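Visitor: Just need the structure, nothing else, for what follows:
(chains A and B)
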There are 2 protein chains.
Amino acid sequence: MIKAVVFDAYGTLFDVQSVADATERAYPGRGEYITQVWRQKQLEYSWLRALMGRYADFWGVTREALAYTLGTLGLEPDESFLADMAQAYNRLTPYPDAAQCLAELAPLKRAILSNGAPDMLQALVANAGLTDSFDAVISVDAKRVFKPHPDSYALVEEVLGVTPAEVLFVSSNGFDVGGAKNFGFSVARVARLSQEALARELVSGTIAPLTMFKALRMREETYAEAPDFVVPALGDLPRLVRGMAGAHLAPAV
Amino acid sequence: MIKAVVFDAYGTLFDVQSVADATERAYPGRGEYITQVWRQKQLEYSWLRALMGRYADFWGVTREALAYTLGTLGLEPDESFLADMAQAYNRLTPYPDAAQCLAELAPLKRAILSNGAPDMLQALVANAGLTDSFDAVISVDAKRVFKPHPDSYALVEEVLGVTPAEVLFVSSNGFDVGGAKNFGFSVARVARLSQEALARELVSGTIAPLTMFKALRMREETYAEAPDFVVPALGDLPRLVRGMAGAHLAPAV
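Guide: Numbering: from 1, shown residues only, chains lettered A, B, ... in the order given. Reported below is the predicted structural model:
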């Protein structure tokens, strides 16, 4: 029986593309490129640091990834500029259906499990006005490792007091879907880009950096187990959860 | 004192872009895109599988990454087609200065340490006529983990009987440079693309998939330690090694 719905933050509840305002303002004409490479390297650096046993929190990883990205353009801003720009990751726009989805999932436990550092997640949730929507906001920082390492998912059990079988994990990120399945959660993937739409975009002439990002990040990963459920948007989750055996939600509004 | 020079294979001794002949032949007009996403996902899947504790050898990872890549285009070839295409990774073109560089490094021990599966590496080296150029061809498969995990670099000591301080590790891949430094080797990075050349390519209009790949993969990683040496080509290594304290090479030819 599902007792808790646990969400990934970046790319699932919050739109990582919303940093493009800040990157375009800082470097007109380069915003789209910087946004995609920054996010890609942010993920890579979390995986590579974890694999090397050289953990640094996601705030450090986010600034390192930004420094790399700007370096490809021959730009070498100072540390304070990097920190200012990286603040954009604390002010990401929540997806428009996030708040309603979370409200409709009551009285189930609702939590975030994210690679974000604790301060980043507190700011992210507060800036979006969602602080009261969660029973817990869990950072992998407590384990000094990053998803998809199994230890990161073990935090859900420790913090919420639920077994893996009682958890529905929700993510848009393929590697996270694979990690959560590998750990033993039921998993719903939020697939906002259909296969057909991606293929159309890829065969329609030059491939923009955003399209390259979608191709790299917005499909299920073939090395990993498939999710149990796929929904096109967060707004579809309450109906899905209502249909799950034993899940007791408040009546649909 | 340097007693062994150990090389990464894919992208360092062998040109991963040389699969583009096979991908373009199979999917005219899509070859460049497929080549870049295939290689990027091949690396990602090795990192993610290692981080999740779900090792599969590089041959499996290479086919999974190809299936993902073709899937983005809405293509779903059968397993035998995937295996045929993946053979392209066993016939990569060696860089033109590889053989001469290896010859000039005698009598130092020369080896490969690669994520490649044993059969892949044997075929790769044999197809390039370089089998006799190495004292050892070492696959991380023996440790069932991938670089940059420290256990993979420990194989050099076990197979060649040299201490980390006696090894010069050579790679073009930033994550591998970081992993080898993290382990304790002296490291030379082969930087075939200068920072200025990359920046010029990035600011000259639309960003092709190959340029996006260069931006993601052909710079030093900011999270990792810097290499001890940077050379523009393999051909510069013998002179570098001659200049290293105590390294006894055959006289320059």
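Visitor: count of neighbours near the closest residue to A:Leu108 other than its chain neighbours?
Guide: Nearest residue to A:Leu108, sequence neighbours excluded (CB to CB, 6 or more residues apart in numbering or on different chains): A:Val5, at 5.5 Å. (C-beta placed from N, C-alpha, C; glycine too.) By the criterion of other CB atoms under 10 Å in any protein chain shown, A:Val5 has 25 neighbours.
Visitor: hang on, A:Val5 in a strand?
Guide: Yes: A:Val5 forms part of a strand when assessed by DSSP: H, G, I helix; E, B strand; the rest coil.
Visitor: what's the distance between it and chain B?
Guide: From A:Val5 across to chain B, the span is 22 Å (CB to the nearest CB, to the nearest Å).
Visitor: and the helix ranked longest in chain A, how far out from the chain's middle?
Guide: If each helix of chain A is counted by residues according to DSSP state H, the longest one is helix A:31-52. In terms of CA atoms, centre = their mean, to the nearest Å, the centre of helix A:31-52 is found 13 Å from the chain centre.
Visitor: Quick one: mean pLDDT for it?
Guide: On average, the pLDDT along helix A:31-52 is 97.
Visitor: Please apply the same query to stretch A:3-20.
Guide: 97.
Visitor: mind checking the end-to-end distance for it?
Guide: 36 Å (CA to CA, to the nearest Å).
Visitor: next one: stretch A:77-90
Guide: End-to-end distance for stretch A:77-90: 20 Å, by CA to CA.
Visitor: quick one: that stretch near chain B?
Guide: No: remark: stretch A:77-90 sits outside contact range of chain B, by CB under 8 Å from any CB of the partner chain, the gap being at least 10.2 Å.
Visitor: Contacts for that stretch next, please.
Guide: Residues from elsewhere that reach stretch A:77-90 (CB atoms under 8 Å, 6 or more residues apart in numbering or on different chains): A:10, A:16, A:18-19, A:21-23, A:26, A:59, A:62-63, A:66-67, A:70, A:116, A:120, A:123-124, A:127.
Visitor: Strands of chain A, start to end?
Guide: A:4-7, A:14-15, A:93-94, A:109-114, A:136-139, A:167-171, A:186-190, A:229-231 (DSSP state E).
Visitor: Output the ones you listed in TSV; the columns should cover distance to A:Ser46.
Guide: Converted to TSV, the strands of chain A look like this (distance: least, CB to CB, whole Å):
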stretch	distance to A:Ser46
strand A:4-7	18
strand A:14-15	16
strand A:93-94	22
strand A:109-114	11
strand A:136-139	12
strand A:167-171	14
strand A:186-190	20
strand A:229-231	24
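Visitor: contacts with chain B among the contacts of stretch A:77-90, please.
Guide: When CB under 8 Å from any CB is applied, the members of these adjacent to chain B are A:Ala67.
Visitor: quick one, phi psi at A:Asp78?
Guide: Backbone torsions for A:Asp78, taken as degrees, to the nearest 10, come to phi -80, psi 170.
Visitor: For it, give its distance to chain B.
Guide: 14 Å.
Visitor: Tell me how many other residues crowd that residue.
Guide: A:Asp78 is flanked by 7 other residues according to other CB under 10 Å.
Visitor: Which pLDDT value goes with it?
Guide: Looking at A:Asp78, its pLDDT reads 87.
Visitor: same deal with A:Thr206?
Guide: pLDDT recorded at A:Thr206 is 82.
Visitor: contacting residues for it?
Guide: Counted by CB under 8 Å, 6+ apart, A:Thr206 has contacts B:206, B:208.
Visitor: how much space between it and B:Ser194?
Guide: Here A:Thr206 is placed at a distance of 25 Å from B:Ser194 (CB to CB, to the nearest Å).
Visitor: again with A:Ala123
Guide: From A:Ala123 to B:Ser194 the distance is 38 Å (CB to CB).
Visitor: Which single residue in the stretch 151-253 of chain A comes nearest to chain B?
Guide: Closest to chain B within the stretch 151-253 of chain A is A:Ala199: 3.8 Å, counting by CB to the nearest CB.
Visitor: Next, the residue lying closest to that residue once chain neighbours are set aside: phi, psi?
Guide: Distance criterion CB to CB, 6+ apart; nearest residue to A:Ala199, sequence neighbours excluded, is B:Gly74 at 3.8 Å. According to degrees, to the nearest 10, the main-chain angles of B:Gly74 amount to phi 80, psi 20.
Visitor: Tell me how many other residues surround B:Gly74.
Guide: B:Gly74 has 13 nearby residues by other CB under 10 Å.
Visitor: Could you do the one 10 residues further on as well?
Guide: Residues lying near B:Asp84 (other CB under 10 Å) number 12.
Visitor: again with A:Glu166
Guide: Number of residues near A:Glu166 (other CB under 10 Å) recorded here: 19.
Visitor: Verify the stated contact: it with A:Ile2.
Guide: Yes: with contact defined as CB atoms under 8 Å, A:Glu166 and A:Ile2 form a contacting pair (6.2 Å).
Visitor: ok, back up a step: what's the ChimeraX syntax to select whichever of the contacts of stretch A:77-90 are buried?
Guide: To isolate the buried members of these in ChimeraX, using 16 or more other CB atoms under 10 Å in any protein chain shown:
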select /A:10,16,18,19,22,23,26,59,62,63,66,67,70,116,120,123,124,127
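Visitor: about what we covered before: for the residue of the stretch 151-253 of chain A closest to chain B, give its distance to B:Ala67.
Guide: According to CB to CB, A:Ala199 stands 15 Å off from B:Ala67.
Visitor: Equivalent analysis for A:Arg189, please.
Guide: 18 Å.
Visitor: Would you mark the buried spots in stretch A:202-220?
Guide: For stretch A:202-220, by 16+ other CB under 10 Å, it's A:202, A:207-209, A:211-220.
Visitor: Quick one: end-to-end length of it, please.
Guide: With CA to CA, one end of stretch A:202-220 sits 17 Å from the other.
Visitor: Any idea how far that stretch is from the middle of the chain?
Guide: In terms of CA atoms, centre = their mean, the centre of stretch A:202-220 is found 18 Å from the chain centre.
Visitor: okay, the buried residues of stretch A:202-220 in a markdown table with distance to chain B next?
Guide: Formatted as a markdown table, the buried residues of stretch A:202-220 follow (distance: CB to the nearest CB, whole Å):
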| residue | distance to chain B |
| --- | --- |
| A:Leu202 | 6 |
| A:Ile207 | 6 |
| A:Ala208 | 8 |
| A:Pro209 | 6 |
| A:Thr211 | 10 |
| A:Met212 | 5 |
| A:Phe213 | 9 |
| A:Lys214 | 9 |
| A:Ala215 | 5 |
| A:Leu216 | 6 |
| A:Arg217 | 10 |
| A:Met218 | 9 |
| A:Arg219 | 6 |
| A:Glu220 | 8 |
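Visitor: before we move on, back to that, can you tell me which residues contact the residue nearest to A:Ala199?
Guide: For B:Gly74, the contacting residues are A:195-196, A:199, by CB under 8 Å, 6+ apart.
Visitor: Repeat that for A:Val162.
Guide: Contacts for A:Val162 (CB under 8 Å, 6+ apart) come out as A:3-4, A:109, A:156.
Visitor: How about A:Gly129?
Guide: Residues in contact with A:Gly129 (CB under 8 Å, 6+ apart) are A:Ala99.
Visitor: Packed most tightly, which of the strands of chain A would that be?
Guide: Comparing those by mean neighbour count (mean count of other CB atoms under 10 Å in any protein chain shown), strand A:167-171 ranks first with a mean of 28.
Visitor: Which strands or helices does that strand pack on?
Guide: When contacts are defined as 3 or more CB pairs under 8 Å, 6 or more residues apart in numbering or on different chains; DSSP states H and E, strand A:167-171 packs onto strand A:4-7, helix A:150-160, helix A:174-183, strand A:186-190.
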